[in-house]
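# Coordinates for the following, if possible.
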Amino acid sequence: MTLALGRYLVYPFFGFAFATSITPGPNNIMLSASGVNYGFLKTMPHLLGIATGFFTLMLGIAFGLDALFQTNSLLHEILKYLGSAYLLYLAWKIATSKASSVEVNDKKITFLNAMLFQFFNPKVWGMSLTAMSSFTVQGSQYQLSAILIALSFVIIYLFCGSLWIVFGMAIRKVLKNEKTHNMFNIAMGILLALTVPMIIY
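Modelled structure (predicted):
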C-alpha cells in the first residue's frame, strides 16, 4: 500500500508539532523543575511516561476516544476536575521540595504518574485533536497515517522535553545556595498551579 507521506511529512505538520511541544505547559514546567532537582537521567522515567501517555491518547482520539467524551459530557467534567486536583497536588510537591533533601525524599514524578496525567492535560488533548483532524490521510490509509503521526509527534516531543530538562539542569548551576534553590521550586510550583485555569475553563 502506498501512503501519501507528503500529507503530513511536511513543514505544516512538523512546524505544528515542534511549536506545540516546545512551548511552556504543565509537562514542560514539571520537566524543567525535575531537571533542576534530579538531573537528566533521573527525569527520564518522567519524560518517557509523558511520551507513552501522549502516544496512547493520540491513538485513542484517532480511533474513537473523542466520540466517547462528546456523547458523555459528565465523564469529561469528572476527568477535568480530577486532573485539576492532581495538578495542584503536583504543584505542591514541587513547591515544597527542599534543595537539601530532594535526593532523600525522592519526590520525583514516576513513569506511571506522568503517563496517566496526559489524559487530564488540556494542552495534550488540544495537540492530539488538531494533529489527528488536520494531518491524517482519509480513506484506507487513515489508520497507518494516524499511527505514523502519533509516532512522529512523540519523537518530536521527546526532543523538546529533553531540552526543557537540560534547561532545568542549566538553571541548577546558577542556584548556588539552598535558599535560591528552594525559591526556584516555589516559583515552579506556582507556575504549575497557574495552569489549572487551562483545565477548568
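# For the chain, give me the ranges with low pLDDT.
1-11, 65-73, 75-76, 79-80, 83, 98-107, 176, 195, 198-201 (pLDDT under 70).
# center of it, which residue is that?
Computing the C-alpha centroid of the chain and ranking residues by C-alpha atoms, centre = their mean puts residue 27 first, at 3.8 Å.
# can I assume that one is in contact with residue 127?
No: between residue 27 and residue 127 there is no contact under C-beta atoms under 8 Å: 10.5 Å. (Glycine included, C-beta is placed from N, CA and C.)
# Leaving out chain neighbours, which residue sits closest to residue 59?
Of all residues not flanking residue 59 in the chain, residue 150 sits nearest, at 5.5 Å (C-beta to C-beta, 6 or more residues apart in numbering).
# who does the helix or strand encompassing the one you found touch, helix- and strand-wise?
Assigned by DSSP states H and E, residue 150 belongs to helix 142-174. Counting by 3 or more C-beta pairs under 8 Å, 6 or more residues apart in numbering; DSSP states H and E, the packing neighbours recorded for helix 142-174 are helix 11-22, helix 26-38, helix 40-62, helix 122-134.
# Check which helices and strands the helix or strand following that helix sits against.
Per DSSP H and E, the first helix or strand lying C-terminal to helix 142-174 is helix 178-193. Counting contacts by 3+ C-beta pairs under 8 Å, 6+ apart, helix 178-193 packs against helix 26-38, helix 73-95.
# Surely residue 84 is in contact with residue 196?
Yes: with contact defined as C-beta under 8 Å, residue 84 counts as touching residue 196 (5.0 Å).
# So for the two, which residue has more residues nearby?
A count of neighbours by other C-beta atoms under 10 Å puts residue 84 above the other of residue 84 and residue 196, at 19 against 16.
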